[in-house]
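Undergrad: coords please:
(2 chains)
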Amino acid sequence: EAGVAQSPRYKIIEKRQSVAFWCNPISGHATLYWYQQILGQGPKLLIQFQNNGVVDDSQLPKDRFSAERLKGVDSTLKIQPAKLEDSAVYLCASSLGSSGNTIYFGEGSWLTVV
Amino acid sequence: DQQVKQNSPSLSVQEGRISILNCDYTNSMFDYFLWYKKYPAEGPTFLISISSIKDKNEDGRFTVFLNKSAKHLSLHIVPSQPGDSAVYFCAAKPRSGTYKYIFGTGTRLKVLA
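TA: Numbering: from 1, shown residues only, chains lettered A, B, ... in the order given. The predicted model follows:
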C-alpha cells in the first residue's frame, strides 16, 4: 500500500515569494492533516480536513497560509507571502477517520525562506 | 501552554540495554496516545499506540506504559539497537472535539554500539 506522498521535497525561496506544497494521502483515508515542524519542536497542526471539509484550522495563519482539498483526496498548502519564520518542514498526514485513528505521515516538504 | 511535554531532549543508551523515553501531559481529557520515531530527512513513522482504557501495550521490542493518575506515559525499548537511534515524539488526543493530536517536542535517542 502506497504511503502519503508529498512534493516538492525541498524548496528554497526568498521572503515575500509564494510556495505551494502538494499532498496525496493514503487511499481511502478520509482525514488529511497539514503539520508544521520547526527545527527542535514537535509537529504543530495547521489544518485538518475531513473529506473536503475543514475540521480545524485554528492554528493556520490565514493572512498568508491557505489550504484546500477540493475533491476530498489531494490537498495543496500555499504560503503567500512567505516570511523567514516560515522555514520549517511541512508534513502531510492522513488517517482513516478523525477519532482515535493512527495518523500516517509523508516524508515532508522542507522549506527554507531566505 | 505545552500540553504534552518531553522533558529530556536527548538520551544515550548502550546497545542491548533498555531505553526509556518519557512523556507527560496536562490535559485529563486526553484518551489516546501515539509514539512516533523520526529519522533525519524523513517524516515521523508510527511506532505504537495506547488507549486510556489500558495501562500497557506491547509490540515486539516496544512497550508503552500509561499512568493516568500521574498523566505520564513512557516508551520502553528492549533491547536497544543502533538502528533505534532517532528522535521520538509522543502525541496525545482528547476524547472529543476535533480530535487534534498534540505532539511533544521530541527526545533524541542515541544507541551506542
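Undergrad: which strand or helix spans the closest residue to residue B:49 other than its chain neighbours?
TA: In space, residue B:49 comes closest to residue B:34 once its chain neighbours are excluded; the distance is 4.8 Å by C-beta to C-beta, 6 or more residues apart in numbering or on different chains. For glycine as for every other residue, the C-beta is placed from the backbone atoms N, C-alpha and C. Element membership for residue B:34, per DSSP states H and E: strand B:30-38.
Undergrad: pLDDT averaged over that strand, what's the number?
TA: Averaging pLDDT along strand B:30-38 gives 93.
Undergrad: the helix or strand following that strand pairs with which strands?
TA: Remark: after strand B:30-38, the chain's next helix or strand is strand B:45-51, criterion DSSP H and E. In the sheet, strand B:45-51 lines up against strand B:30-38 (antiparallel) (DSSP bridges).
Undergrad: got a list of contacts for the strand it pairs with?
TA: Contacts with strand B:30-38, where a contact means C-beta atoms under 8 Å, 6 or more residues apart in numbering or on different chains, come from A:100, A:102-103, A:105, B:3, B:21, B:23, B:44-52, B:62, B:64, B:66, B:73, B:75, B:84, B:86-95, B:101-102, B:106.
Undergrad: what sits against the closest residue to residue B:78 other than its chain neighbours?
TA: Nearest residue to residue B:78, sequence neighbours excluded (C-beta to C-beta, 6+ apart): residue B:18, at 4.7 Å. Shown in contact with residue B:18 (C-beta under 8 Å, 6+ apart): B:76-80.
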